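J.: Just a sequence and a predicted model for now, questions to come.
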Amino acid sequence: MLSRIEKPIARRLTIMLAPECGEVLSHFRAKRDGWVKLPHKFEELRKNSGLGDSYVVAYEDESRILSSLFKGIFSENASEELKQFNTEFLALTPEERIEVVDAVSKFLQGAEFKLILDNAFVITEKDRETARQAFEAQSSEKKAADIQSIQYLLIFFYSIFYNSLSLMVHGQKLTTLVPLALQGDKESFCKAVQIDRNLLTGHPYFRDTYARLQSGDDKDFLDAVLYRIGNPTTRGKIRFPSLYMVFATLEGFHWLDEFTASEILDICDEARLDRFQNRIEDENYLTKRRIEYRRMQRIGLLSMH
């Protein structure tokens with residue numbers, strides 16, 4: 001995948017992702033006093049789909065994250081073209097890439113995807129039984145395709161959410177911290193598990209390292225890991241969670257500093273962020289909020305010292 005996707009694609013994906021991630025961050029962080037975890041319905045679906053904690057392997061390579069979104073949408077066409085998705089996407093013109101992203105965005109907002117979510121998130125026993133019967137009535141090939149589609153979409157949402165959260169808290173993405181940890185960087189290991197504790201169960205290196213530490217090898221390292229996972233994900237108040245998710249998402253795509261204040265305001269308007277609630281009434285206020293976001297990262301207002 002590209003080291004940096006085109007600016008219009010970054011813009012479109014930010015509009016699509018930031019409001020939802022910001023709402024999750026605001027609601028569930030507030031209820032858990034600094035502990036950040038995705039809603040139970042996502043956790044249940046992740047486990048029931050068979051994905052479990054293995055999604056964390058996506059943090060090894062950033063290109064896997066965006067690729068998982070497209071594979072989730074187009075999984076029924078998982079032919080040789082899809083297997084060569086990265087190569088084909090690069091071969092498209094910028095205009096064609098925007099069309100692909102727009103198609104994905106429309107699908108995620110459309111009736112077909114809503115039906116998938118409705119079936120996935122049924123909550124009553126009657127609904128569960130109805131969904132189970134409908135699922136069992138499908139061919140084995142269709143069942144496998146549906147499960148794979150859900151798994152890919154969950155990989156995308158989980159990894160993009162925690163990657164953005166890591167940028168807020170540490171100023172580094174998990175797709176930066178995890179590769180560093182794999183090279184033996186203990187501090188990166190600790191920072192990564194603070195953001196997503198599922199690394200300790202879902203990633204072979206993290207799981208094996210943690211088991212080794214618990215056996216008595218390197219007590220100082222173990223103490224540092226236990227300190228990180230024994231405290232809330234974030235410290236301090238996140239004043240503008242949806243706005244900061246806009247910043248973090250753009251930064252994750254390596255575009256935050258390239259967008260003007262006016263352009264980011266347009267993104268916020270299209271994503272239906274309330275200007276007054278986020279204190280971004282005009283370009284000057286937006287610039288102040290971006291400076292505050294950078295300052296928060298620099299001095300670690302949300303992290304542990």
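T.: Here it is on my side, so go on.
J.: which element follows the strand or helix carrying Gln151 toward the C-terminus?
T.: Using DSSP states H and E, Gln151 sits in helix 140-170. Later in the chain than helix 140-170, the nearest helix or strand by DSSP H and E is helix 174-182.
J.: so what does whichever helix or strand comes after that next one touch, helix or strand wise?
T.: Per DSSP H and E, helix 174-182 leads on to helix 186-195 as the next helix or strand towards the C-terminus. If you count contacts as 3 or more Cβ pairs under 8 Å, 6 or more residues apart in numbering; DSSP states H and E, helix 186-195 packs onto helix 140-170, helix 174-182, helix 199-202, helix 204-214, helix 219-229. To be clear about C-beta, it is placed using only N, CA and C from the backbone, and glycine gets the same treatment.
J.: try 7 Å this time
T.: On a contact count with 3 or more Cβ pairs under 7 Å, 6 or more residues apart in numbering; DSSP states H and E, helix 186-195 meets helix 140-170, helix 174-182, helix 199-202, helix 219-229.
J.: For these, please prepare JSON lines with the additional fields mean neighbour count, mean pLDDT and distance to Glu251.
T.: Shown next, in JSON lines, are the helices and strands packed on helix 186-195 (neighbours: other Cβ atoms under 10 Å; pLDDT from 0 to 100; distance: least, Cβ to Cβ, whole Å):
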{"stretch": "helix 140-170", "mean neighbour count": "21", "mean pLDDT": "84", "distance to Glu251": "6"}
{"stretch": "helix 174-182", "mean neighbour count": "22", "mean pLDDT": "96", "distance to Glu251": "12"}
{"stretch": "helix 199-202", "mean neighbour count": "19", "mean pLDDT": "95", "distance to Glu251": "21"}
{"stretch": "helix 219-229", "mean neighbour count": "15", "mean pLDDT": "94", "distance to Glu251": "22"}
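J.: looking at these, which is closest to Ala192?
T.: Minimum separation from Ala192 across the helices and strands packed on helix 186-195 (Cβ to Cβ) falls at helix 174-182, 4.2 Å.
J.: counting contacts, what elements does the closest one pack onto?
T.: Here helix 174-182 touches helix 140-170, helix 186-195, going by 3+ Cβ pairs under 7 Å, 6+ apart.
J.: of these, which approaches Lys288 most closely?
T.: That would be helix 140-170 among the helices and strands packed on helix 174-182, by Cβ to Cβ, at 17.3 Å.
J.: Okay, angle between that closest one and helix 174-182 too, please.
T.: 80 degrees (axes from the mean of the first three to the mean of the last three Cα atoms, to 10 degrees).
J.: on contacts alone, who are the packing partners of helix 140-170?
T.: helix 7-31, helix 40-48, helix 63-73, helix 174-182, helix 186-195, helix 241-252.
J.: ok, now which ones touch the residue nearest the centre of the chain?
T.: In the chain, the centroid-proximal residue (Cα atoms, centre = their mean) is Ile160; its distance is 1.8 Å. By Cβ atoms under 7 Å, 6 or more residues apart in numbering, the residues touching Ile160 are Leu17, Ile65.
J.: Could you check how far stretch 47-64 is from the centre of its chain?
T.: 11 Å (Cα atoms, centre = their mean, to the nearest Å).
J.: what about the helices and strands packed on helix 186-195, which gets the closest to Ile15?
T.: The nearest among the helices and strands packed on helix 186-195, by Cβ to Cβ, is helix 140-170 at 13.6 Å.
J.: In this protein, where is pLDDT below threshold?
T.: 1-3, 27-34, 73-94, 96-136, 138, 235-237, 299-305 (pLDDT under 70).
J.: which phi and psi does Leu51 have?
T.: With angles defined as degrees, to the nearest 10, Leu51 sits at phi -70, psi -40.
J.: and it, what does it touch?
T.: Residues near Leu51 by Cβ under 7 Å, 6+ apart: Gln151, Leu154.
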